[in-house]
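Participant: let's see this in three dimensions:
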Amino acid sequence: MQRVSLLLASAAFIGLASPAFAQAGQIIPADSSPDAQIPGEPQEADQGVGANAQAQAVAEDTGQLAVIVVTAQKRAQRLQDVPVAVTALTADTLQARGINDVAAVTRAVPSLTVTQTDIPTSNSINIRGIGTSAFSVGVEPAVAVILDDVALLQQAQAFSGLSDVARLEVLRGPQGTLFGKGASAGVINIASQSAGSKLEAVLGTQITSDHEFRLDGSVAGPVNDWLGVRANFFVTDRKGYIRNLAGGSKLGGEESSGARVRFDLDPTPGLNIALIASTSRNTTEPTKTFRYIESPDVRIFAVPPFFSGNLLAPGLVGVTPGAGNYDTSVNVRPRSDSRQSLYIGRATLDLGFANLVSVTGYQEWKLTTGEDTDLTSLASVAGN
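Facilitator: Predicted structure coming up:
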């Protein structure tokens with residue numbers, strides 16, 4: 001099965017510096033680095049679930065509570081001034097908790113639940129128990145995933161991994177005013193790191209006990225006084241853990257990789273332009289195992305009275321169904337290959353009394369899946 005989706009969108013709006021009465025919104029088109037300031041306010045620390053080291057130091061010196069900055073209403077605001085149920089995670093929080101994908105965000109946001117299946121298009125993201133479980137790519141989700149002001153076509157795209165993220169916000173409750181009908185349950189708002197004002201390079205690795213290896217890195221800095229560049233990459237490899245008795249190999253593994261480059265331009269005073277290009281690929285081996293079989297005489301694909309079907313037992317020789325079963329026997333190696341590219345252009349013009357913002361995005365997503373439909377080593381049915 002192959003799915004190809006394209007989206008080309010452009011939007012422009014004016015953001016006024018007045019109190020907001022609408023529901024929570026997406027990322028403001030401002031600097032997404034941790035050093036971004038609230039207009040009219042002194043320098044403040046990163047937003048997050050808990051104050052980071054910088055915020056704690058400021059709080060200890062002044063005796064005041066650390067300020068948490070969020071951008072749920074298209075501009076930087078203190079969390080206490082935003083009438084929205086929002087949880088904000090900074091880059092430091094994501095790194096400290098080992099959050100490398102959207103599914104892992106549930107460790108930091110209790111109201112967020114993620115249901116993953118063997119096919120990415122059947123994954124479901126739920127906020128406060130509300131979400132969409134559908135098997136069609138044409139069904140709009142109840143939880144929108146926004147990356148740098150651009151809504152992803154499908155929730156399945158969000159599972160390719162998180163890398164070099166400056167901020168992740170989970171907005172709970174209907175967000176239809178600013179995000180449309182695809183955000184009836186909430187929004188996951190993701191902002192990538194900006195180029196920054198100083199040269200920096202980061203390289204990190206992660207190795208887990210279940211044979212997963214991850215490597216990611218980034219380099220960023222100013223080229224001159226009006227241009228900054230940031231580039232990052234990530235590579236993840238997890239070995240399979242389900243033994244295939246039909247071929248002797250291990251199934252259930254995962255490989256993913258991605259890269260992003262970002263240009264931040266300030267050609268004239270009051271004008272900021274961000275150009276972002278990213279690509280990623282995620283390859284998995286979705287494998288099912290038998291937990292229960294009613295009797296040895298169970299048959300599959302029976303069409304009475306014309307065809308009695310095939311006995312299931314001969315195709316599962318050596319497999320012991322049960323809760324702890326990590327063995328299977330298939331003659332077609334399952335595979336799910338997801339590839340996506342995303343290009344974003346965002347321009348912000350300061351008019352003095354307001355900001356004029358234009359956001360343009362183009363994305364392409366391709367998903368190819370194949371599996372052994374009968375889940376056995378029988379030659380009766382082989383799906384592709």
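Participant: Ile300: how many residues sit nearby?
Facilitator: 16 (other C-beta atoms under 10 Å). Every residue, glycine included, has its C-beta placed from N, CA and C.
Participant: ditto for the one 10 residues further on
Facilitator: Using other C-beta under 10 Å, Asn310 has 19 neighbouring residues.
Participant: how much space between it and Ala379?
Facilitator: 9 Å (C-beta to C-beta, to the nearest Å).
Participant: again, but for Gln116
Facilitator: Distance, Gln116 to Ala379, using C-beta to C-beta: 30 Å.
Participant: of these two, who's got more company?
Facilitator: Remark: of Gln116 and Ala379, Gln116 carries more neighbours, 16 against 11, as counted by other C-beta under 10 Å.
Participant: wait, doesn't the more buried one sit right on Ile125?
Facilitator: No - Gln116 is beyond contact range of Ile125, at 9.8 Å (criterion: C-beta atoms under 8 Å).
Participant: show me what contacts Phe236?
Facilitator: Just so we're on the same page, residue 236 is Thr rather than Phe. Contacts of Thr236 were listed using C-beta atoms under 8 Å, 6 or more residues apart in numbering, and they are Asn100, Gly161, Glu212, Phe213, Arg214, Leu215, Glu254, Glu255, Ser256, Ser257.
Participant: of the residues you listed, buried ones?
Facilitator: Asn100, Gly161, Arg214, Glu254, Ser256, Ser257 (16 or more other C-beta atoms under 10 Å).
Participant: in space, what's closest to the last one - neighbours in sequence excluded?
Facilitator: Across the structure, with C-beta to C-beta, 6 or more residues apart in numbering as the measure, the residue nearest Ser257 apart from its sequence neighbours is Val235 (4.8 Å).
Participant: and that neighbour, what element?
Facilitator: strand 227-238 (DSSP states H and E).
Participant: by contact count, what packs against the helix or strand just after that strand?
Facilitator: With elements assigned by DSSP H and E, the helix or strand that comes after strand 227-238 is strand 242-244. Packing partners of strand 242-244 (3 or more C-beta pairs under 8 Å, 6 or more residues apart in numbering; DSSP states H and E): strand 250-251, strand 327-328.
Participant: any low-confidence regions in this protein?
Facilitator: Applying pLDDT under 70 to the chain flags the ranges 1-66, 73-74, 134-137, 380-384.
Participant: show me where it has its helices.
Facilitator: Listed in chain order, the helices of the chain (DSSP state H) span residues 53-62, 91-96, 176-179.
Participant: give the buried residues for the second one.
Facilitator: Buried residues in helix 91-96, defined by neighbour count with 16+ other C-beta under 10 Å: Ala91, Thr93, Leu94.
Participant: hmm, back to that, mind putting the helices and strands packed on strand 242-244 in TSV, distance to Ile207 and mean neighbour count included?
Facilitator: Formatted as TSV, those follow (distance: least, C-beta to C-beta, whole Å; neighbours: other C-beta atoms under 10 Å):
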stretch	distance to Ile207	mean neighbour count
strand 250-251	18	19
strand 327-328	26	20
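Participant: got those strands as TSV, with distance to Leu171 columns?
Facilitator: Shown next, in TSV, are these (distance: least, C-beta to C-beta, whole Å):
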stretch	distance to Leu171
strand 250-251	37
strand 327-328	40
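Participant: quick one: strands adjacent to the strand holding Val235?
Facilitator: Paired neighbours of strand 227-238 in the sheet (DSSP bridges): strand 212-222 (antiparallel), strand 254-268 (antiparallel).
Participant: list the buried residues of the last one.
Facilitator: If you call a residue buried by 16+ other C-beta under 10 Å, then strand 254-268 has these buried ones: Glu254, Ser256, Ser257, Gly258, Arg260, Arg262, Phe263, Asp264, Leu265.
Participant: do the same with stretch 317-325
Facilitator: Val319.
Participant: same question for stretch 214-222.
Facilitator: For stretch 214-222, the neighbour count (16+ other C-beta under 10 Å) marks Arg214, Asp216, Gly217, Ser218, Ala220 as buried.
Participant: so Ala96 versus Val143, what's the distance?
Facilitator: 25 Å.
Participant: let me fix that: Asn126
Facilitator: Taken as C-beta to C-beta, the span from Asn126 to Val143 is 7 Å.
Participant: more neighbours: which of these two?
Facilitator: Val143 (28 against 20).
Participant: is the more buried one in a bridge, and if so with what?
Facilitator: Counting by DSSP bridges, the residues bridging with Val143 are Gly186.
Participant: against Leu171, how distant is it?
Facilitator: From Val143 to Leu171 the distance is 9 Å (C-beta to C-beta).
Participant: any common contacting residues for these two?
Facilitator: With C-beta under 8 Å, 6+ apart, Val143 and Leu171 have common neighbours Gly186, Val187, Ile188.
Participant: number of residues surrounding Tyr326?
Facilitator: 14.
Participant: shouldn't it be in contact with Tyr241?
Facilitator: Yes - at 6.4 Å, Tyr326 counts as touching Tyr241 under the criterion of C-beta under 8 Å.
Participant: just to revisit the earlier point, which of the buried residues of stretch 214-222 lies closest to Ile293?
Facilitator: Using C-beta to C-beta, Arg214 is the member of these that lies nearest Ile293, at 37.1 Å.
Participant: now do the contacts for that closest one.
Facilitator: Asn100, Thr205, Gln206, Ile207, Phe234, Val235, Thr236, Asp237 are the contacts of Arg214 under C-beta under 8 Å, 6+ apart.
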